[in-house]
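1. Output the structure for:
(chains A, B and C)
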Amino acid sequence: MVARRTRASVVRGFTPNGIVTLTTDFGTRDAYVGAVKGVLLSAERGLSLHDLAHDVPPQDVAHGARLLRGACPFFPAGTVHLGVVDPGVGSERAAIVVLAGGHAFVGPDNGLFSPVAAALGGVDGCWAIAPRALGARLPATPAPTFHGRDLFAPVAAALASGAIAPTDVGAAHRPIALPAPPPPRRDRAGSLVGRVTHFDRFGNAVTNLAAAEAKRYRPRGIVSLASGEELRVGTTYAEVEPGAALALVGSDGWLEIAVRDGSARERLRLTVGARVEMRREGA
Amino acid sequence: MVARRTRASVVRGFTPNGIVTLTTDFGTRDAYVGAVKGVLLSAERGLSLHDLAHDVPPQDVAHGARLLRGACPFFPAGTVHLGVVDPGVGSERAAIVVLAGGHAFVGPDNGLFSPVAAALGGVDGCWAIAPRALGARLPATPAPTFHGRDLFAPVAAALASGAIAPTDVGAAHRPIALPAPPPPRRDRAGSLVGRVTHFDRFGNAVTNLAAAEAKRYRPRGIVSLASGEELRVGTTYAEVEPGAALALVGSDGWLEIAVRDGSARERLRLTVGARVEMRREGA
Amino acid sequence: MVARRTRASVVRGFTPNGIVTLTTDFGTRDAYVGAVKGVLLSAERGLSLHDLAHDVPPQDVAHGARLLRGACPFFPAGTVHLGVVDPGVGSERAAIVVLAGGHAFVGPDNGLFSPVAAALGGVDGCWAIAPRALGARLPATPAPTFHGRDLFAPVAAALASGAIAPTDVGAAHRPIALPAPPPPRRDRAGSLVGRVTHFDRFGNAVTNLAAAEAKRYRPRGIVSLASGEELRVGTTYAEVEPGAALALVGSDGWLEIAVRDGSARERLRLTVGARVEMRREGA
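-> Down below sits the predicted model:
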């Protein structure tokens, strides 16, 4: 995650399109999301605002990072993505603007943007936001506990409207990368041993086994769970009967364990970290 | 639910207004909703996107269908409604575009759109989406488990922007209709016997007794529950004391059981399928 | 909350900017939110709609009022804020338009807008919506249980598009003010005794001790809880170790009790109404 181009080319590489996305752990019961939207629209009424999700589990940076990784690359280049999952608000952690693949990301420097930047080809530039560089764009007395409203939103609006360039927010900065999850390991018998990393809303258990790895076990891969249960590796839920389990490559490119018309989490009693082993049938 | 007009008049009948609504069971913790919005805006940045609801219970097609029925008809003609509650994704179920009342619906062919189409005067046209007809509008390798992102969203964007007409997506198709819920029955004594079909967020118990039926029991209708409790049929919650129960015709046109400033579900211990009997006072 | 200007100056004071915000207790599983958006866009397709929050606890007017107070002032003047937390729908309670600080608020007259209007400098004008004054802008037979869709949304759209002025909706009206929460009291020893008023999503316990009061106890304020636990008064979460508790002035201007990277509600077993005492260190 090191800048790979000169500053000049980076700035040329970001042409704002007026779209701002919002991803937070603010939930949908409090005033936080609304306040951020108000600040954005007060700076520039014509912005096109889009909620990605506000129910990131509180302060779960890894969850927020996965979410941004799964959604932001589908937006057009020139989009500004505001991401706030910020357990370190008010500490010495930097506030940053990251450029990657023609997209700009604004939020805390805690790794939240490292997976999505990697997916977009790597960080093209990163700057630490210096409040004094923003001047009257920021409130006179920003709340030390709500940078989403008082720091990130004004910067995102100014970037999205073209009022400032990413290089205007402060000095170049090297962003923190999230620690990569441990990769799966290959055991002596040639099988691949990974873990459940998280669950989606449907109870599908997503693992750290990547699509490219899973493809090596075609055409007949078998997945074994710690319970001893063995699942075939398929392509889509509808290949098995309702209530039956299978493994498949999910839409984000990771092998997942699913139960048709049901929840793998509940039916197979899986938890985060659960062992998942992949091998060829008969091996 | 059979097309009632010629194809030519149908196409004339849909003039996109640039509005796209989103209704899904994707929840608000994962990347799914954001990815769909990104695809829509990448196809056409000027679209006006509007979340209806993303907390449809997972894979509950009937719930999603009720929701679309209660919301979409209030939008202006020319709106494209993207609806994804899709337990059969990846199976042989068709992906469709449905036209009704000047609105276009895009999603799986599983009955999700049948109630709203009926409410809008019936299906004016339906086409099965043939990926090869869409060409470069679709990703080269669509995920078999995420048609919302890789199939429905590109089609919805192309329809909403006017880039394609509904007839361009594929061959005419006869959509699946949701099985109609069993109608209430009239018993010998002239009372009407129905069931609780679902609850709303407030705990109001909605039944399959339609407004037109309920009106026959005016001016003094009585509703009996399986518990023996008897409720008057009123017009609005405020007619009874806080904490008291009554029956009334809800805003969607169905008789519902409500508790003022409380939850009928909890206070009256009602469940889906619970018996609700309506008669005239004194009968 | 009494009008302080003449009607003429009030009307001059509201110049719609086309933005409409939505705050309700409708939740995100039912058709209610979508129906309201449809009505708004059917009246005026170019409106810029923004969800603030729909998960206000059902019929919790005080919660909705806090939310509006915390979010709406950040929007630009000329915004129309639709607020629907309406346990009295269908009763004799008035439906109102309130003007404050160049913003318009549309919803029930139950105090929902009184805190935000006070924060914006007080009510500049208020009118009771008379359905006959709106004529064909309203549905012929509005549902008595869903004024959000059939009364407030049409009025909000007409105000936001400039089709009508606030004075057009009906006669001047004096709005209900929410009963103010009891203020903290000062005890003999000079300490300030307040209460927990609510919790946010993160489990922070917000009190009725205002920032201005809290500042008097600088530089070394101590907060005692009913449990006997004593907390230092700080500026931001990051001043204490993860898992440790502190008091600080939150982003809305109230003293709150927080636990770094955790929930004060759970860790300190706080409840709404819990006693919070503030004094100087050593006092």
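
2. what's the neighbour count on residue A:76?
-> Counted with other C-beta atoms under 10 Å in any protein chain shown, residues neighbouring residue A:76 total 16. Bear in mind the C-beta positions are built from the backbone N, C-alpha and C, glycine included.

3. any idea of the mean pLDDT in whichever strand in chain A runs longest?
-> If you go by DSSP state E, chain A has its longest strand at strand A:192-199. If you average the pLDDT over strand A:192-199, you get 94.

4. could you point out which element follows it?
-> Sequence order places strand A:205-210 as the next helix or strand after strand A:192-199, per DSSP states H and E.

5. For chain B, what is the nearest residue in the stretch 151-283 of chain A?
-> Closest to chain B within the stretch 151-283 of chain A is residue A:236: 2.6 Å, counting by C-beta to the nearest C-beta.

6. neighbours around that residue, how many?
-> Residues within reach of residue A:236, counting by other C-beta under 10 Å, total 20.

7. Surely it is in contact with residue B:89?
-> Yes - counting by C-beta atoms under 8 Å, residue B:89 is a contact partner of residue A:236 at 6.8 Å.

8. between these two, what contacts are shared?
-> Residues within reach of residue A:236 and of residue B:89 at once, by C-beta atoms under 8 Å, 6 or more residues apart in numbering or on different chains, are B:144, B:145.

9. ok, and what's touching the longest strand of chain A?
-> With C-beta under 8 Å, 6+ apart as the test, strand A:192-199 has contacts from A:63, A:66, A:181-182, A:184-187, A:205-209, A:213, A:217, A:254-255, A:257, A:264-265, A:270-279.

10. Select from those residues every entry located in helices.
-> A:63, A:66, A:213, A:264, A:265 (DSSP state H).

11. so where's the stretch 1-150 of chain A uncertain?
-> Within the stretch 1-150 of chain A, the ranges that satisfy pLDDT under 70 run A:1-12.

12. the helices in it, which residues?
-> Ranges of helices within the stretch 1-150 of chain A are A:7-12, A:32-43, A:61-71, A:114-119, A:131-134, A:147, based on DSSP state H, counting those that start in this stretch.

13. Convert the fourth one to PDB, retaining C-alpha atoms only.
-> The C-alpha atoms that make up helix A:114-119 are tabulated as PDB, following Å, rounded to 0.1, in the frame of the first residue of the first chain:
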ATOM      1  CA  SER A 114      -7.000  -1.000   2.700                       C
ATOM      2  CA  PRO A 115      -8.900  -4.000   1.200                       C
ATOM      3  CA  VAL A 116     -10.900  -1.900  -1.200                       C
ATOM      4  CA  ALA A 117      -7.800   0.100  -2.300                       C
ATOM      5  CA  ALA A 118      -6.000  -3.200  -3.000                       C
ATOM      6  CA  ALA A 119      -9.000  -4.400  -5.000                       C
END
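
14. quick revisit: give the PyMOL command for selecting the buried subset of the contacts of strand A:192-199.
-> Buried subset of the contacts of strand A:192-199, written as a PyMOL selection, criterion 16 or more other C-beta atoms under 10 Å in any protein chain shown:
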select buried, chain A and resi 63+66+184+205+206+207+208+209+213+217+254+255+257+264+265+270+274+276+277+278+279
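
15. and the contacts of strand A:192-199 near chain B, which?
-> A:63, A:66 (C-beta under 8 Å from any C-beta of the partner chain).

16. residues making contact with stretch A:172-190?
-> Here stretch A:172-190 has contacts from A:1-3, A:7, A:61-62, A:65, A:94, A:96, A:98, A:109-115, A:117, A:123, A:125-128, A:192-195, A:197, A:207-209, A:213, A:277, A:279-280, A:283, using C-beta under 8 Å, 6+ apart.

17. quick one: terminal-to-terminal distance for stretch A:69-78?
-> End-to-end span of stretch A:69-78 (C-alpha to C-alpha, to the nearest Å): 16 Å.

18. Please state the offset of that stretch from the chain centre?
-> In terms of C-alpha atoms, centre = their mean, to the nearest Å, the centre of stretch A:69-78 is set 10 Å apart from its chain centre.

19. how close does the closest residue to residue A:42 other than its chain neighbours get to residue C:103?
-> Nearest residue to residue A:42, sequence neighbours excluded (C-beta to C-beta, 6 or more residues apart in numbering or on different chains): residue C:76, at 4.6 Å. According to C-beta to C-beta, to the nearest Å, residue C:76 and residue C:103 sit 9 Å apart.

20. now residue A:175
-> From residue A:175 to residue C:103 the distance is 38 Å (C-beta to C-beta).

21. higher neighbour count, these two?
-> Under the criterion of other C-beta under 10 Å, the comparison of residue A:175 against residue C:103 puts residue C:103 first, with 27 against 24.

22. which one among the ones in helices among the contacts of strand A:192-199 gets closest to chain C?
-> Among the ones in helices among the contacts of strand A:192-199, residue A:63 lies closest to chain C (C-beta to the nearest C-beta), at 14.4 Å.

23. Could I get the full set of strands for chain A?
-> So, for chain A - with DSSP E - the strands run A:19-24, A:48-53, A:80-84, A:95-100, A:103-108, A:125-128, A:185-186, A:192-199, A:205-210, A:221-225, A:230-234, A:245-249, A:254-259, A:275-280.

24. Direction included, what does the shortest one pair up with?
-> Think strand A:185-186. strand A:192-199 (antiparallel) (DSSP bridges).

25. beta partners for the nearest residue to residue A:184 once chain neighbours are set aside?
-> If the residues on either side of it in the chain are set aside, residue A:184 comes closest to residue A:194, at 3.5 Å by C-beta to C-beta, 6+ apart. Here residue A:194 sits in beta bridges with residue A:276, going by DSSP bridges.

26. What's the local residue count around residue A:194?
-> Around residue A:194 there are 24 other residues, counting by other C-beta under 10 Å.

27. sorry, back to before: tell me the angle of the longest strand of chain A relative to strand A:205-210?
-> Here the directions of strand A:192-199 and strand A:205-210 differ by 140 degrees (axes from the mean of the first three to the mean of the last three C-alpha atoms, to 10 degrees).
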